[in-house]
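K.L.:
Here is a sequence with its predicted model. Questions after.
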Amino acid sequence: MGNLPGIVITGASGRMGQMLLRTVLASDKCRLAGAVERTGNPWVGRDVGEMLGGQHVGVTVTDDALEAFAKAQAVIDFTAPAATVEFAALAAQARAVHVIGTTGLEAEHLAKIAAAARHAVIVRAGNMSLGVNLLVKLTQKVAEALDADWDVEIVEAHHNKKIDAPSGTALMLGEAAAEGRGVSLAQMRESGRDGITGARAHGAIGFSAIRGGDIVGEHDVIFAGAGERVILRHVATDRGIFARGALRAAIWGQNKSPGEYDMIDVLGL
Ligand SMILES: NC(=O)C1=CN([C@@H]2O[C@H](COP(=O)(O)OP(=O)(O)OC[C@H]3O[C@@H](n4cnc5c(N)ncnc54)[C@H](OP(=O)(O)O)[C@@H]3O)[C@@H](O)[C@H]2O)C=CC1
Ligand SMILES: O=C(O)C1=N[C@H](C(=O)O)C[C@H](O)C1
């Protein structure tokens with residue numbers, strides 16, 4: 001047990017935090033080394049098992065991230081951009097692998113994460129599931145095969161508590177389509193159409209977001225041509241797929257050289 005990699009979960013009380021805690025506790029490949037929440041969160045000071053509605057597991061939720069990270073080999077972090085940037089610096093200080101699932105990261109956050117990755121292993125992906133990462137590769141392949149007369153539209157649907165759009169996954173798929181076509185997503189991206197928008201720009205990569213109920217996550221990549229459409233789709237029905245991917249990344253990252261990696265690296269796709 002002592003030799004298994006110790007994992008800390010940040011944002012422990014969140015939707016993904018709770019799923020990650022359950023996944024780590026059920027795994028025989030790692031052990032739960034800590035759980036972090038921010039100061040004032042009602043989980044701080046309580047036993048993880050109790051907060052998950054079961055038996056005590058002997059791990060108390062803390063708001064001292066550095067102290068928790070120092071005792072661990074990996075940190076799995078599905079929180080919010082400001083928190084993730086802070087955790088990246090602390091995980092690097094503790095030389096712990098930092099697995100980042102947080103989405104909505106802007107250029108300023110990405111620059112700080114890249115700086116932390118000079119000293120530690122960071123695995124970051126807007127979607128940690130096997131299925132979506134396979135879809136990313138397929139999207140790139142299809143975009144390579146079809147010319148820009150095929151309009152690319154990415155449609156995503158998520159639960160009504162999601163705070164960022166387009167989703168991290170949609171952006172990964174958009175990047176893959178752009179790469180397949182040999183263009184820059186920043187230049188071709190078209191989102192949030194409303195009103196008299198004018199005709200669609202040739203070669204644009206469009207994004208639409210649906211928010212409602214408890215949708216876990218659904219993504220369509222539509223290649224719309226003249227007289228036919230190719231649609232690539234992924235439907236998530238259980239957050240366990242993200243947690244299992246993140247755990248795999250945390251274990252994969254042990255003994256790797258410092259740097260930034262993604263799930264395509266982890267899965268060897
Ligand atoms: N890459 C992937 O595969 C996936 C990524 N995600 C992403 O993961 C993130 C979290 O999603 P979800 O679990 O649904 O969100 P929740 O809102 O349920 O959970 C977020 C957690 O992070 C904590 N948190 C937020 N800000 C801070 C901070 N500044 N310091 C410390 N803790 C903080 C929250 O604490 P508090 O409640 O106190 O605010 C909460 O516990 C999102 O960015 C989402 O898009 C989600 C699923 C899959
Ligand atoms: O916030 C979510 O829930 C999810 N976020 C990720 C994203 O932004 O793509 C992954 C998944 O779709 C669920």
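P.N.:
It's in. Residues are numbered from 1 along each chain as shown. Ligands and ions are numbered 1, 2, ... in the order given.
K.L.:
Give me the pLDDT for the residue lying closest to L267 once chain neighbours are set aside.
P.N.:
Of all residues not flanking L267 in the chain, N133 sits nearest, at 5.6 Å (C-beta to C-beta, 6 or more residues apart in numbering). Where you see a C-beta, it was placed from the backbone N, CA and C, and this is true even at glycine. We have a pLDDT of 98 for N133.
K.L.:
low-confidence ranges in the chain?
P.N.:
Residues of the chain that meet the criterion pLDDT under 70 lie in 1-2.
K.L.:
Give me the contact status of stretch 248-255 with ligand 1.
P.N.:
No: Stretch 248-255 stays clear of ligand 1 (C-beta under 6 Å from any ligand atom), getting no nearer than 9.9 Å.
K.L.:
Please tell me how far the residue nearest to L267 sits from ligand 1.
P.N.:
In this structure, N133 and ligand 1 are 10 Å apart, going by C-beta to the nearest ligand atom, to the nearest Å.
K.L.:
Confirm that residue sits in a helix?
P.N.:
Yes: applying DSSP: H, G, I helix; E, B strand; the rest coil, one finds N133 inside a helix.
K.L.:
Would you mind listing what in the protein touches ligand 2?
P.N.:
103, 126-127, 158, 162, 167-169, 217.
K.L.:
run the last query once more with 8 Å
P.N.:
With the criterion set to C-beta under 8 Å from any ligand atom, the chain comes near ligand 2 through 15-16, 101, 103-104, 126-129, 132, 156, 158-159, 161-164, 166-172, 216-217, 219, 236, 239, 242.
K.L.:
For ChimeraX, write the selection for the buried entries among those residues.
P.N.:
This is how ChimeraX selects the buried members of these, with burial counted by 16 or more other C-beta atoms under 10 Å:
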select :15,16,101,103,104,126,127,128,129,132,156,158,162,164,166,167,168,169,170,171,172,216,217,219,236,239,242
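K.L.:
Can you show me the strands along this structure?
P.N.:
Using DSSP state E, the strands of the chain run over 6-10, 31-36, 61-62, 74-77, 97-100, 121-124, 151-158, 189-191, 205-211, 217-224, 229-236, 259-261.
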